[in-house]
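Q: quick check, what structure comes out for this input:
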Amino acid sequence: MTDLRTSLPALRHSLSAKLLVFTILFAMVAEVLIVTPLLARFRVDYLEEKIGAAHIAALALDAAPGHMITPQLEIELLQYVDAYSVALVMHGDKRMLVMNRDMPPVIDKTYDLRKATFFSLIGNAISTLAQTENRVLRVMGPSPKNPNILVDLVIDEGPLRRAMYVFAERMLWLTMAISLITAALLYLSLQWLLVQPMRRITEAMHQFRTAPEDEGSVILPSHRRDEIGVAQRELQRMQTDLRLALHAKTRLAELGAAVTKVTHDLRNILSTAQLVSDRLSDSNDPTVKRVTPTLVASLDRAIALCVNTLRFAREERPAVEMTSFSLGLLVEDVGATLRLPLPEGSRWANEVPRDFWIRADRDQLFRVLLNLGRNAYEAGATRVAVSAARNGDGLELETRDNGQGIAAAAREKLFQPFSGTAKPGGTGLGLAISRELLRAHGGDIKLIESRAGLTRFLITLPERSVVAAAEVRRAV
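A: Sure, this is the predicted structure:
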């Protein structure tokens, strides 16, 4: 458990810490998104209340005899509205009723509520809160009592700003409480739904890494049907399959070590038997002369099987030594090597020009082509042709022979060691080793076609195996 804790990320880098930070950040964003429109709405309501109060005050003036009031009453009405002046514009007859007292020298800002938009109201609210000194505002808007009457008044911004601060403080505490409760519930929900299951998956992966053979390290999935449940079940399947594959490979490795030891001893025994059979071949007994060739051939196949098995068991992943060389000359060398033991009439057709250069491991590619050619001739072919071409993804080499073809049963396991052969006494290691060598280059080999009279193999090499014409000219 200590190793697991040290392997897990530190608290400040953990998913829980990031989740907490983002939750707080989103709560603060929610605060701004909620409080700012509420402040804008509060400012509009405040100004509309002033407009309504100004309309009432103007109606009191209009109800006075002769539309005349005492200066003291006018001052009281203006104090009730908390305004410097009030004017009513009647749309019908354009008549205007005015009350005023000592006007300030400058009106700093004019607001017409009829032209206000959502974003302009928010901007005006922020502008009011951002002020440090009192401003004189001229506010115009329809009366709440009668939309046909336009009220025009001049007021100080200071009382509005103080009222907005009081309202903002109340709303801030309220929305903060709501946001914190929501954030806490969201955080706990995500911890339960996401973080804890992810931590459980991580612990299961760590336990499986440290002890893959232990059945107890395989995660027990929950019954959830969401993505977490799917991930847990897929992880269980993967761990189970890997554990079985590892167990099988361990058994195969143990079996391979035992087979290697047995094969080594068996090869020594067969070598002794081969010496005896060689002496038998000198016998003049007709019966001995008749059975000795069969015995010698059987011993040769058995010894070849032991040697190939030991070689395959000891070889590691091939190291690729890339060089630039002529593929045409390489194919000629393979043909010259194959012609020595071939019967009369066999032909090796090299269709690759000498100026066709590639970049690869020459010895390994020589071994691949040698295996393909030897297999073809052993399958009864009298002609083997090799051609090459460049394509958009790299290089392609093709071998064609007129042998008897490969049996359908052998094609399924053609590139598997000790399986992909239809030749009596064969090990099936040639093509398996060839594929391993080519994949070490980044390429591959596959059977394209096989029937009586025509068998085609295709070798592919990656784009890095292409040699530019300029490099060929320099090499030549």
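
Q: which helix or strand contains the closest residue to Ala30 other than its chain neighbours?
A: Excluding the flanking residues, the one nearest Ala30 by CB to CB, 6 or more residues apart in numbering is Ser179, at 5.3 Å. No exception for glycine: its C-beta is placed from N, CA and C like everyone else's. Under the criterion of DSSP states H and E, Ser179 resides in helix 158-190.

Q: so how far is that helix from its chain's centroid?
A: From the chain centre to the centre of helix 158-190 is a distance of 40 Å (CA atoms, centre = their mean, to the nearest Å).

Q: just how off-centre is stretch 361-375 within its chain?
A: 39 Å.

Q: quick check: which ranges of the stretch 101-250 of the chain have low pLDDT?
A: Counting by pLDDT under 70, the low-confidence segments of the stretch 101-250 of the chain come to 215.

Q: quick one: the strands in it?
A: 109-112, 136-142, 149-156 (DSSP state E, counting those that start in this stretch).

Q: parallel or antiparallel, list what pairs with the first one.
A: Looking at strand 109-112 with DSSP bridges, its paired strands and their directions are strand 136-142 (parallel).

Q: so what touches the strand it pairs with?
A: For strand 136-142, contacts defined as CB atoms under 8 Å, 6 or more residues apart in numbering pick out 47-48, 50-51, 84, 104, 106-114, 148-157, 160.

Q: any chance you could map the helices in the stretch 251-400 of the chain?
A: 286-314, 327-339, 362-378 (DSSP state H, counting those that start in this stretch).

Q: worst mean pLDDT among these?
A: Among these, helix 286-314 carries the lowest mean pLDDT, a mean of 64.

Q: quick one on the thing from earlier: and the helix holding Ser179, what does it pack onto?
A: With contacts taken as 3 or more CB pairs under 8 Å, 6 or more residues apart in numbering; DSSP states H and E, helix 158-190 sits against helix 15-63, helix 118-130.

Q: surely Glu463 and Gly394 touch.
A: Yes - contact criterion CB atoms under 8 Å: Glu463 and Gly394 qualify, at 4.5 Å.

Q: tell me which of those two has more neighbours.
A: Each of Glu463 and Gly394 has its neighbours counted (other CB atoms under 10 Å); Gly394 has more, 17 against 12.

Q: rewinding a little: mean neighbour count and distance to Gly443 added to the strands of the stretch 101-250 of the chain, as a markdown table?
A: A markdown table is the format used below for the strands of the stretch 101-250 of the chain (neighbours: other CB atoms under 10 Å; distance: least, CB to CB, whole Å):
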| stretch | mean neighbour count | distance to Gly443 |
| --- | --- | --- |
| strand 109-112 | 14 | 78 |
| strand 136-142 | 19 | 81 |
| strand 149-156 | 22 | 86 |
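
Q: dump those to TSV, plus distance to Glu234.
A: Formatted as TSV, the strands of the stretch 101-250 of the chain follow (distance: least, CB to CB, whole Å):
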stretch	distance to Glu234
strand 109-112	62
strand 136-142	64
strand 149-156	68
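
Q: any idea which of those strands gets closest to Leu244?
A: strand 109-112 (77.5 Å; CB to CB).

Q: how far does the closest one sit from the chain's center?
A: Its chain's C-alpha centre and that of strand 109-112 lie 55 Å apart, by CA atoms, centre = their mean.

Q: what's the answer for stretch 233-243, then?
A: Distance, centroid of stretch 233-243 to centroid of chain: 20 Å (CA atoms, centre = their mean).

Q: same question, stretch 121-139
A: Put simply, stretch 121-139 sits 51 Å off its chain's centre (CA atoms, centre = their mean).

Q: mind listing residues that contact stretch 374-382?
A: Residues external to stretch 374-382 that are found in contact with it (CB under 8 Å, 6+ apart): 338, 342, 345-347, 384, 399, 401-406, 423, 430-431, 455.

Q: can you rerun that using 10 Å?
A: By CB atoms under 10 Å, 6 or more residues apart in numbering, the surrounding residues in contact with stretch 374-382 are 334, 337-339, 341-348, 373, 383-385, 399-406, 421-423, 426, 430-431, 434, 450, 452-455, 457.

Q: could you pull up the residues touching the residue most central in space within the chain?
A: Computing the C-alpha centroid of the chain and ranking residues by CA atoms, centre = their mean puts Ala231 first, at 15.4 Å. Contact analysis of Ala231 by CB under 10 Å, 6+ apart lists Pro197, Met198, Ile201, Ile219, Pro221, Arg224.
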